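Peer 1: Quick one: sequence plus predicted model below, questions after.
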Amino acid sequence: MSERLPRARAIRLGWTLAAVAVLCALPFYLDAFWLRIGLFSMAAAVGAVGLGLLSGTAGQLSLGHAFFLAMGAYGYVWLAGEPGPGLPTAVAAVLAVLLAGAAGGIFSPVAGRVRGIYLGVATLALVFLGHHVLLTADSVTGGFNGRSVPPLELGGFSFSTDSELTLLGVPFGAEERLWYLGLALFAVTWFTARGLLHGRPGRALVALRDSETAAAVMGVNVSRYRSAAFVVSSMYAGLAGVMLALSFRRVVPDYFGLVLSVDYLAMIVIGGLGSVAGATAGAVFVTALPLLMTRYADQLPLVAAPGTTDGTVGPTEAARYLYGAAIVLILLFAPDGLHGLVRRLRARLRGRRAAPPPAGTTSPSRPPTSAVRAKEPTP
Amino acid sequence: MTDRTTAPPELAVTDVTVRFAGLTALDAVSFTVTPGSVHALIGPNGAGKSTCFNVLSGLCRPAAGTVRLGDADLTRLAPHRIAALGVARTFQNIVTTQGTVADNLMLGRHALSRSGFAASALRLPQARREQREHLDRAREIAELTGLAQHFDHPVALLSYGDRKRVEFARALCLEPSVLLLDEPVAGMNAAERARTVEVVHTVRAELGLSVVLVEHDMGLVMRLADEVTVLDFGRRIAHGTPDEVRSDPEVLRAYLGTGAEQEDAA
Amino acid sequence: MTSLLDNVFNGLALGAVYALVALGFVIIFKASGVMNFAHGSLLLLGGYLTAVLHDDLGFAGALAVSVLVTAAVAGAMDRFLLQAGGPDPHTAHVQTIVTIGVDILILTDLSRRIGGDLLSLGDPWGDSVSGLGPVTVADSRIAAIVVSAVVIAGVFALFRYTTWGLSLRASAEDVEAAALMGVRLVRVRMLAWCLAGALAALAAVFLAAFPAPGLERTTGQIALKAFPAAILGGMASPPGALAGSLLIGMTEALVAGYQSELHVLGEGFGDVAPYAVMVLVLLVRPTGLFGGKAAVRV
């Protein structure tokens, strides 16, 4: 809200440009494994930003995010594929995002009325009912085995390995190409979500979370904004679904289960509720950690020990243990998530460098506001 | 948007009755707020003052009776519609939202601005211009209410009195024609009280709005109010200028009462 | 007609077991505002302990140990992980995510131990059946209904007649006021978690008993059915959780029983029908059948 000093602004711009430059250069140096981690992280970040808007900013607990991700993924596959209308892939991608948004809109009678933990479990129903439909509607979804994903084509350029392409001596396969697509879509997400959060709708959503009564008497149309939060969040989920489908190259129903929804919740809380950067950090953490751990777990001392009395711990299990422990430990030591942790570190560094700030401003004492709060303070 | 340069419309409450599960919280209460005046609503605890505010702001639907603002019937409108018609309120307990003072004041501009999800997400020029304009006005109101130096501070870090003032300023940001103040000085020390009285005087003079006031501090009521309505057990027991009300036997009985009545009221 | 009665009875038995799980889930929510994602893992832990101990201790002994250990694990989880920063209701959402981490830890470990096995819990009912009027029913299901009814009645009595129950209700109403009145929040909460753990361990017995083939590593997922059950009844109400559980159990059994007539809805609709019912109920009553008023007080 404050008008930044030109110098601070320039520094910030410089950092942003540097980050973009590094991200753009990465495909020239990293192999497919790392690029794939990046792709999944970017897709997850887009989805997590959407869920962050809904659960973090607007305070509506949703366990149904996997359903909206599935709407985007399957929507794209069906619209662009055979059987299906076989639309141009770019059109199919846009329509899939709109489809996910429409699905969120259809849910709005529930979203507008049901609150707190009730909403959380009501959205759980979406995941199970959706999964059931994905399994049974073979003709559209391919049933249990799912469907393969048609690669995206933009103006004759295919995001796949169909045509050969070499840039600066580096062969550009599907991962390298999708990397840039992912970056672009993530940039769009970052730009739009921050615009929303810092604009009129964002303030209205925060007000809804903190006190619906106060929001209403300030002129916020409560049920409309509750529904709108769902639609917008679902659209981000739909976009994330399209990105995931393109990265996986195959969609299967079992991926879009409750575990996925729970993962997204973990992302936004681990990252820190209410900020785009936090959701992104959480998404990268939750996505990359299990993949990295599965890959490198066999180098851990405990895992290498063959045949203890209880049987062996395989790399997959070791990764799960570490993942579970990481969630618990991070939240034990940083209840406000990675974003809060960074903010505190930064405040401490700044405090050391400059004169100490006026009393009370170093640590915002107010506890983070809850998405699953039992009741709102009664005015 | 109504033209706020002319005198505000008259707020007329007619025979409003509210029942909660058999209990009559308001029993055919009527009063009229003269445009541009300060109208105090007083009475012992449980007299129905807060319920009355909830009816005025649309949080509570009366079983009977009407609330009119000028030509508009507010009785069955949703709270956000009433806010859009220019009725703003504060709460007895502070209800601010997370973020800075500026964020809170900008929430008060919600009904007066238009940018929706798409315009804000894409940061369209008109959305940015609108935000800038409203931010300027919010800063003016912060100055008017003595919050200017806290404008970019998180509300959570402010003192109690300042947070109460944030609520007040946020209500003003709605550019209301009627401002409902629910115990604006409760819990404040003498200096803060004096400051608040001053601010109420200032905004009334500068913005020309009507103020409806619920307050227990009788000294303050007598100093600020042009007219007073006294409620007891949901019924209007007296009405008039502060001086008239002060000498009304009904009012004296309600406040001093017999022992039994006082117990009930508390 | 017989098949209808069969289905109703099955629904009743299923619902009674769901009620044990849902009740624990609701007690935890009431006491701490936390949605316990580790509930299924606690259930699996209870079942697993009974399964590995019954050879040595006998069924009753194994069950007793398993109930106690699961209760202790649940209590310790609350006390040392969730309440590490104090019983602060403002961080309920963070604590909810911590339960996800704990769930992953317990579930990974138990899955590794159970593998693809089907464990028998050594329950005394085996596959025996009894005639009950016109229908033939599994003894294990009769036991499920009877035991659940007794235990649930006991829990309600705890709520109503003990200091702990009073403290729990008081703190669910208003944490700060309860603390001022001398309620020891940390302990009241921890005991609520213990009780919920014990109920989950007990429920595991019936979920693994005949006609189910035994305890699998996926048995804990059944706890997810308790979510809609709890919600249907209104999260804050134990009698509601009971009624909701019965409704969910009935729905599931009836839809499964009339699968052939309902084939348009797809195979296995019985498993998801409870969710459909829940959404419909919430549309009409946003805080469940027995939930308190949804209105925002001012």
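Peer 2: The structure has been received and is ready for your questions. Numbers count the residues shown, from 1 in each chain, chains lettered A, B, ... in the order given.

Peer 1: touching chain C at all, whichever helix in chain A runs longest?
Peer 2: Selection of the longest helix in chain A by residue count, based on DSSP state H, yields helix A:222-248. No - Helix A:222-248 lies apart from chain C when judged by CB under 8 Å from any CB of the partner chain; the minimum separation is 9.5 Å. Heads up, the C-betas are built off the backbone N, CA and C, glycines and all.

Peer 1: Show me which parts of that helix are buried, residue by residue.
Peer 2: Across helix A:222-248, burial judged by 16 or more other CB atoms under 10 Å in any protein chain shown covers A:222-223, A:225-248.

Peer 1: which of these are close to chain B?
Peer 2: Restricting the buried residues of helix A:222-248 to those touching chain B (CB under 8 Å from any CB) yields A:Val222, A:Ala228, A:Val232.

Peer 1: So the last one sits against A:Gly195, correct?
Peer 2: No - under the criterion of CB atoms under 8 Å, A:Val232 lies out of contact with A:Gly195, with a separation of 11.6 Å.

Peer 1: what about residue 191, helix or strand, and which?
Peer 2: Using chain A here. Using DSSP states H and E, the element containing A:Phe191 is helix A:174-198.

Peer 1: think we crossed wires, I meant chain C
Peer 2: helix C:185-208.

Peer 1: ok, the closest residue to A:Leu265 other than its chain neighbours - how many residues close by?
Peer 2: Leaving aside its chain neighbours, A:Leu265 sits nearest to C:Ile97 (6.5 Å; criterion: CB to CB, 6 or more residues apart in numbering or on different chains). The local packing of C:Ile97 (other CB atoms under 10 Å in any protein chain shown) involves 27 other residues.

Peer 1: so where's the stretch 51-200 of chain B uncertain?
Peer 2: Regions of the stretch 51-200 of chain B meeting the criterion pLDDT under 70 are absent.

Peer 1: what secondary structure does the residue nearest to the spatial centre of chain B sit in?
Peer 2: For chain B, B:Leu180 is the residue whose C-alpha lies nearest the centre (CA atoms, centre = their mean; 1.5 Å). Here B:Leu180 is strand, with the state taken from DSSP: H, G, I helix; E, B strand; the rest coil.

Peer 1: Any part of the helix or strand that contains C:Asp55 near chain A?
Peer 2: Using DSSP H and E, C:Asp55 sits in helix C:39-76. No - Helix C:39-76 is not in contact with chain A by CB under 8 Å from any CB; minimum separation 10.2 Å.

Peer 1: how big is the angle separating that helix from helix C:185-208?
Peer 2: Relative orientation of helix C:39-76 and helix C:185-208, computed by axes from the mean of the first three to the mean of the last three CA atoms, to 10 degrees: 150 degrees.

Peer 1: Show me what helix C:39-76 is packed up against.
Peer 2: Packing partners of helix C:39-76 (3 or more CB pairs under 8 Å, 6 or more residues apart in numbering or on different chains; DSSP states H and E): helix C:2-32, helix C:92-114, helix C:185-208, helix C:223-233.

Peer 1: buried ones in that helix?
Peer 2: Buried residues in helix C:39-76 (16+ other CB under 10 Å): C:39-54, C:57, C:59, C:62-63, C:65-71, C:73-75.
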